[in-house]
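Chemist: fold the following.
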Amino acid sequence: MRLTINPRGLVEAASILEGVPSPTVVSSCLTDRARRWSFASPPEGQAMAAVPIRFTAIAD
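Modeler: Model prediction:
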C-alpha cells in the first residue's frame, strides 16, 4: 500500500500498489482504514511511504 502523509502526520491518500492482486472489497477496506491512521509529523513537511501488507491463508 502506498501512503501520502501530510505535514500534520495525517494520511492524505492511500492506494494499493499496481500489479498487486486483491479483491476490490479488500482494497477498499484497507485504503479506507489507512486514511484514518496518523503518524509523527514528517520533518520534510510531507512524506510518501510504502507499507507491506501480507495475507496468508490458514487451514481450518
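
Chemist: please determine how far the nearest residue to Gly45 once chain neighbours are set aside is located from Met1.
Modeler: Using Cβ to Cβ, 6 or more residues apart in numbering and skipping the chain neighbours, the partner closest in space to Gly45 is Pro7 (4.6 Å). (Each C-beta comes from the backbone N, C-alpha and C, glycine too.) Distance, Pro7 to Met1, by Cβ to Cβ, to the nearest Å: 21 Å.

Chemist: what does Glu12 give?
Modeler: 14 Å.

Chemist: neighbour count: these two, which is higher?
Modeler: Higher neighbour count among Glu12 and Met1: Met1, with 18 against 12, using other Cβ atoms under 10 Å.

Chemist: in this protein, what helix or strand scores lowest on average pLDDT?
Modeler: Of all the helices and strands that make up the chain, the one with the lowest confidence by mean pLDDT, DSSP states H and E is helix 24-34; it has a mean of 88.

Chemist: Provide the contact partners of that one at residue level.
Modeler: Surrounding helix 24-34, the residues in contact under the criterion Cβ atoms under 8 Å, 6 or more residues apart in numbering are 1, 3, 11, 14-16, 22, 51, 53.

Chemist: quick one: buried residues of stretch 38-55?
Modeler: When burial is assessed from 16 or more other Cβ atoms under 10 Å, stretch 38-55 yields the following buried residues: Ala47.

Chemist: do the same with stretch 7-23
Modeler: Buried positions in stretch 7-23, judged by neighbour count with 16+ other Cβ under 10 Å: 11, 14, 16.

Chemist: Pro43: which of those residues is nearest?
Modeler: Among these, Val11 lies closest to Pro43 (Cβ to Cβ), at 17.1 Å.
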